[in-house]
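Visitor: give the three-dimensional model of this entry:
(4 chains)
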Amino acid sequence: MSQNFIYLCYDILQYLVNGLAQGSIYALVALGYTMVYGIIKLINFAHGEFYMIGAFIGLYLVSLKLPLYLVFPLAMISSGLIAVIVERLVYKPIRYAGKIPALITALGASLFFQFGGQLVIGADSKSFELPYQDKTYILGEVSVTSTQLIIMGVTFFLMLFLWWLVKHTKIGKAMRATSFNRDAAELMGINTDMIISFTFFLGASLAGAAGVLVGMYTNTVNPLMGMIPGLKAFIAAVLGGIGIIPGAVLGGLVLGVAENLVVGLWVSTYRDAVAFAILILILLFKPSGLLGRPTGEKV
Amino acid sequence: MSGFFDYLIPLLSNVGIFIILALGLNLINGICGQFSLGHAGFWAVGAYAAGAYGLYFAPEIPNFINLFISCLVGMITSALFGLAIGIPCLRLRGDYLAIATLGFGEIIRIVIMNTDKLGGPRGMTNIPHWTNIFWVYAWVILFIFIIVNFLKGPHGRAMISVREDEIASESMGINTFKYKTMAVVIGAAMAGVAGALFAHGQQFLHPNNFTFMWSVIILLMIILGGLGSVTGAILGAIILTILPELLRFMGTTIAEWRMVIYSLLLIALMLWRPSGILGKREINLLGLFKKGKT
Amino acid sequence: MSHPYILEADQITMKFGGLTAVNKLSLKILPGDLVGLIGPNGAGKTTAFNMLTGIYHPTEGEVRLLGENISKLRPYQITKRGVARTFQNIRLFKEMTVLENLLVAGQSTYQSGLISSILKTSQFKKNEEALRNHCLELLKIFKLEKKSQFLSKNLPYGEQRRLEIARAMATSPQLLLLDEPAAGMNPQETKELTELIRFIRNHFKMAILLIEHDMGLVMDVCDRISVLDYGELIAYGNPKEIQNNPKVIEAYLGPKEEEKDL
Amino acid sequence: MSLIKMLPKNLFIALTLTICGPSFSQVNDKEILVGTVFPMTGGIATYGQESMNGINLALKKINHEGVKGHIIKLINEDNKSEAIETANAVRKLAHIDKVIAILGSVASSHTLAGAPIAQEAKVPLLTPASTNEEVTKKGDYIARTCFTDGFQGEVMAKFAKENLKKMKAAIIVEASSDYSKGLAKVFRESFTKMGGTVIAEEYSYQSGDTDFRTLLRKLSRSKPEVIFLPGYYEEAGLILNQARSMDITAPFLGTDGWDSPKLQEKAGEKGIVGNYMSSHFSAEDTDTLVSNFVKEYEAAYKQKPGAMAALGYDGIMVIADSLKRAKTLTRSDLQKAIVTTKNYKGITGNITLDKFRNAKKSAVVLETTPHGNEFKFKVSP
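Guide: Model prediction:
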């Protein structure tokens, strides 16, 4: 009995570790969601696709035997640039057309990348060769792999970087101003179009980084890989409080851990249902998210 | 030529089924302004409820009576789900409601996937073949009649006022929550009937027929036609059901690229005509939408 | 026992998080009263309005309509009990016609069942006819009858303001709450509005609570005025008294120079 | 051009095509039309694409000799990996193109959607790869050239018990797949009947999952001696990879869903070693028929054929063979010829259809190694 209990404790710790690794990836994708939503109130359904694009670019760069410290920035910059192109070509013209057209456009962009990707790269998944030897560190009965450590480390670093960027730089201030009131920001001489593009760039490059990380973690990438994590990351963003940077990270981690606990202690069958149930509960009871403050509609 | 009709008639039946789905979603999204992305969930509930009736409960009576009962079963089950989902979710607005309904739609699918009695991942097979094109269009006409009259009456006006401005509507004595729930329940009930007709037409149901993608496609139908326009919803349903089939005839390259073409068409439509083909207008056939003498 | 006041706000308070938008406000409105509620920007006037109409529920205190506590009721229930309102930032049903705007507001008094409206029973037709006539009559009073088939978003600004009032009147209220009806109007339009408000009061024999920035308008039409500042009631009285109340002057013009220097 | 303006023109083209289509095909009566329905896009597109590779390879051969002086012309439809699209495609092939037979599809849930339509139209539908028992119960026009799930499950249970001499097995299923669930059920029954024990809890994952560490950790607690993993190569490969990196050493047993060169790629050098699977054929088989096929396939597509390619190849070959044996080139005569297929020597074994129109044929057990699957032995029914 007590032996079993100790095992259970170890197992739960292990699930937490696995959950934090998974959750870090959600968190990175959620950051982009949250920033884009914060600034133009658009659920960017195509956001998961930038994660997919990042993963493929990462795959290509790794196959060129580039070192990881070059793979990450390059993959991030390229997926960011693709996002900016998409934003300029389709989101910008539709910005004032209302919510539903914008959402549909985002869906269209998402479908375009998924199916275009299948045609261009092929529908089957590609394997991601790790450029280093994966080591496992064992503490008691809990193990952590070097890839898991890299995932958590990179996420933590990028989150800190983002936080610094938003809070302590001029462009960050401009982003906050634009998100708070775009017209006013425009009047204050901020080039809001540029800021919005920059936000897309930033969000997509984080998603791109997450794509590379997930490729390294699971050894597999495919053109449809962005769909489910995209949705999950959105849940994470809402869970933490949409528009709030630490909220997205918290939401991602909570969701990752919750999913792994469901799989570990219950069945995988209801893992996605639990994720959606968490979403619905948070929407019903604290729609502003874990870290958000309630806001009412101004009358 | 007979072969051609064997192909065309089931296709037209499907068109009818999607018209019903689009009309229902149009009531929720277009007329009442509540952004739902979970319509495939209601469709699934209706289809599976009707399928279960056909498989387990149907007595030996003429097919058309059985079909009618089955449609009622699908309708009522779906409406109850609409009520159960609507009451908690309709407190949410806009994007949040969309995501919550999306979540519910997926949960419904996951639950069906894991219910052995409903076939689980095998799908529900051997559903009796009761649907024919006559009954599909009988329902289509009935629903068009109901919706058109509904819209011309006070309840329709109230529902539109909710879309236009929920707070103002509430302040004018409209119980907005009641009307939002009503829109979702009626929309769900219609999706339930569409599900029943679908189940008894296809004779086979699989949870993957009811993914989020299908909610999106139904949404596209009403947006293509013009959100809020009844004839627009019908037009959208016709186009988006026929178009993929037409692409089958246009050679393999186009067929391969058709989902990409689809997505580009979608974006192009939003860029050039974000309010759909008809906007909020109606095509006036038979003077159906003539405004009263005002 | 009859209640002397139509509407009575008893020490109502509204807090948003740490911010107190309205603090212990009390208001009393007699039948036929025309009361003004004024105060500088951000004084909490609209918040007070929203509490009276059920859009917000007061964190403390009570709102009573003819003695009945309505602080927990939803806006539509309060409207059905005879309180109608307009909005500071016009909230018309833009894609509906002028007449339809009124029909929506009027229909709770001419209720038809769902089934009868789909089947178009004779009862339903009779109801609709009565409702339509009631609304057309109102449009005539508000000089909008020629535009009854216009989409309301296509009306000029001044007429949109008028339509908002007409729509509120279509709910057959006993008390009308007007939220800055003169905002954005030129002097000529404001003058017409002043006449209109007087007319409504006399013609329909109803009480009106008016939030307004335009001091001229308020002083002109109101019997009594309450002044809010920083969420608190700082003055109450007839227009003369208010004009000479030092607290009010201070609230509007800021503290006197020498006080500032302290 | 706006969509609405485009529509009438397109409609016109389509109508012209639909009306003239069938007559066109009759003009050239040297051609026999056969329809295929495979997932060429969407979630399981790889299976469809591989099947079509095998089919096209066979078609070249068939048309080289000709069938009763005719050549076979394929009309290929994509079902987008969806059931409803399969039904639509079957309907079009049966009624518009008026094909003599339909080959397809892969996933049983898709074939199940198309089968009633083919049955109603009385067009023979031959599935090369749908192993679910239900499929051929849809009617006498529905047949298959592969074995059913039940047979594979038994083969692997027997292999685990008798060849590997393991007593305690665990099962990991893909919860969203009927294929996986059905096999798990048969394996559990057979293995228990032979005296082994199967751990009560069923470990499950979802299609498309990529991280199985938590699941495997949970599984390793019950210390199984052997793990039955009836799933598809994509997830199975990743599971093998992650299991070995977590030091789970028990052998994994798989089924034909594993059979793809991708398995090696996904599992990696370490993960692939010491596991076994059942399948339809082995590329290592020394049989000349098989080795020729492998050679030709490699020459044509620069990769090794997987099971889907071999099954597709055999599927169209059986149709061609039946056409040769059919009295006339009509659907009903073809149906009679298909259901009486006996001892047809295919890549995937000797194909004989039983009275339920299921192929009774041998399965092979393969050991997975980094350089391909090694042939262990053949099991006949």
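Visitor: contact partners for the nearest residue to residue C:72 once chain neighbours are set aside?
Guide: With sequence-adjacent residues excluded and distances taken as C-beta to C-beta, 6 or more residues apart in numbering or on different chains, residue C:72 is closest to residue C:57, at 6.2 Å. Using the backbone N, CA and C atoms, a C-beta is placed for each residue, glycine as well. Residue C:57 makes contacts with C:51, C:71-72, as judged by C-beta atoms under 8 Å, 6 or more residues apart in numbering or on different chains.
Visitor: could you point out which element follows the helix ranked longest in chain A?
Guide: Assignment by DSSP state H gives helix A:2-40 as the longest helix of chain A. Downstream of helix A:2-40, the first helix or strand assigned by DSSP states H and E is helix A:47-63.
Visitor: please report phi then psi for the residue of the stretch 51-200 of chain B found nearest chain C.
Guide: Closest residue of the stretch 51-200 of chain B to chain C, C-beta to the nearest C-beta: residue B:153 (3.3 Å). The phi/psi pair for residue B:153 (degrees, to the nearest 10) reads phi -90, psi -180.
Visitor: residue C:115 is in contact with that one, correct?
Guide: No: assessed by C-beta atoms under 8 Å, residue B:153 is found out of contact with residue C:115, at 10.4 Å.
Visitor: looking at those two now, which is surrounded by more residues?
Guide: residue B:153 (22 against 9; other C-beta atoms under 10 Å in any protein chain shown).
Visitor: pull the contacting residues for the more buried one.
Guide: Counted by C-beta under 8 Å, 6+ apart, residue B:153 has contacts C:112, C:117-118, C:120, C:124, C:128.
Visitor: so how far is residue C:119 from it?
Guide: Using C-beta to C-beta, to the nearest Å, one obtains 10 Å as the distance from residue B:153 to residue C:119.
Visitor: and if you look at residue B:5?
Guide: To residue C:119, residue B:5 is 36 Å away according to C-beta to C-beta.
Visitor: how about residue B:240?
Guide: If you go by C-beta to C-beta, the gap between residue B:240 and residue C:119 works out to 32 Å.
Visitor: ditto for residue D:221
Guide: 65 Å.
Visitor: what does residue B:201 give?
Guide: Distance, residue B:201 to residue C:119, by C-beta to C-beta: 30 Å.
Visitor: enumerate the residues of chain A near chain D.
Guide: A:7, A:11, A:14-15, A:18-19, A:22, A:115, A:118-119, A:123-125, A:127, A:134, A:136, A:143, A:145, A:214, A:217-220, A:224-225, A:228, A:260, A:263-264, A:267-269, A:271-272 (C-beta under 8 Å from any C-beta of the partner chain).
Visitor: so which of the residues you listed also contact chain B?
Guide: Counting by C-beta under 8 Å from any C-beta, the subset of these that neighbours chain B consists of A:115, A:119, A:269, A:272.
Visitor: identify the farthest-apart pair in the residues you listed.
Guide: Pairwise distances across those (C-beta to C-beta) peak at 32.4 Å, for the pair A:119 and A:269.
Visitor: and the two? Which one has more around it.
Guide: Shown here are residue A:119 and residue A:269; by other C-beta under 10 Å, residue A:269 has more neighbours (21 against 15).
Visitor: any idea of the pLDDT on the closest residue to the more buried one other than its chain neighbours?
Guide: Spatially, and ignoring its direct neighbours in sequence, residue A:269 is nearest to residue D:175 (4.6 Å; C-beta to C-beta, 6+ apart). We have a pLDDT of 86 for residue D:175.
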